[in-house]
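**Q** coordinates only, sequence not included:
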Ligand SMILES: NC(=O)C1=CN([C@@H]2O[C@H](COP(=O)(O)OP(=O)(O)OC[C@H]3O[C@@H](n4cnc5c(N)ncnc54)[C@H](O)[C@@H]3O)[C@@H](O)[C@H]2O)C=CC1
Ligand SMILES: O=C(O)C1=N[C@H](C(=O)O)C[C@H](O)C1
């Protein structure tokens, strides 16, 4: 069987460079293009699949370029709001054979953490998300934290839980963090870190802590490569790697 041809957008970045190395190392994949800011994406080097890890403001146009050329895309870039996803879904309506996966986190443990948090949400009165990342990250909260909060918030709503208890009335400096789908989210940026998250769930007399740590970007590679191998067989838009792992 011939190798799947893969191009990487954002190839000079932390994730893009790691993906290029992982694709180079895989016997069944061939790296046919590396693109970064300012490059003409052209025919994408004849790629069957593109892996996109760039910046939130550039990602939708990059993905549109691929989709218009009938190329499947695995997207790891954050910032895919509901509005952006809806536009992409519309665009995919014109090319029904093309598959796109948008996933906020490709580490298996992070995917499991989100699934466990969603499962646990209905049992706890209180929940907060703390995400901790390297200080070169440009977006906050992280895509993973936003998705976790969305999943947890929706599960709470479905279970008929009200707002998380919080007596705070005076918070001039925003110490209680952001609110995503009603869930408080706190972002830490610290030299030495890569990507980490805790979901804290509290009930009378107890707390459940779900924690995931990516110590190295290699943690994302098995998920990225699994997605590259499957995306061509999954037409349309999929959000979240869990759907490729039988967890969705
Ligand atoms: N889904 C996941 O598992 C993960 C997602 N990420 C996300 O991936 C994205 C990239 O993260 P990093 O690699 O750490 O960032 P980075 O800053 O190291 O790399 C981004 C790269 O994109 C390039 N770029 C900027 N504008 C571009 C354009 N218009 N077209 C093509 N390339 C462009 C930059 O020059 C840079 O080389 C972020 O949104 C981050 O949150 C990061 C790690 C894991
Ligand atoms: O920028 C990063 O590093 C990461 N970004 C993703 C996110 O925002 O969730 C995934 C992971 O946390 C690493």
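**A** Perfect, I can see it now. As the structure is a computational prediction, the values presented were derived from the model and not from experiment. Numbering: from 1, shown residues only. Ligands and ions are numbered 1, 2, ... in the order given.
**Q** Just after the helix or strand encompassing residue 30, pick out the following helix or strand.
**A** Using DSSP states H and E, residue 30 sits in strand 29-35. Downstream of strand 29-35, the first helix or strand assigned by DSSP H and E is strand 49-52.
**Q** I'd like to know the average pLDDT value across that following strand.
**A** Strand 49-52 carries an average pLDDT of 98.
**Q** Who are the packing partners of it?
**A** Strand 49-52 is packed against strand 4-9, helix 14-25, helix 59-68, strand 72-75, helix 221-230, with contacts defined by 3 or more CB pairs under 8 Å, 6 or more residues apart in numbering; DSSP states H and E. Backbone N, C-alpha and C define where each C-beta goes, glycine included.
**Q** how about the nearest residue to the closest residue to ligand 1 within the chain, chain neighbours excluded?
**A** At 2.0 Å from ligand 1, residue 13 is the closest residue in the chain, using CB to the nearest ligand atom. What sits nearest to residue 13 in space, not counting adjacent residues and going by CB to CB, 6 or more residues apart in numbering, is residue 53, at 6.0 Å.
**Q** ok, how many other residues are close to the one you found?
**A** Number of residues near residue 53 (other CB atoms under 10 Å) recorded here: 26.
**Q** Next: residue 76.
**A** Applying other CB under 10 Å, we find 25 residues neighbouring residue 76.
**Q** ok so, going back, list the strands paired with the strand holding residue 30, with their directions.
**A** Strand 29-35 has its sheet partners listed here by DSSP bridges as strand 4-9 (parallel).
**Q** what is the mean pLDDT for the partner strand?
**A** The predicted model assigns strand 4-9 a mean pLDDT of 98.
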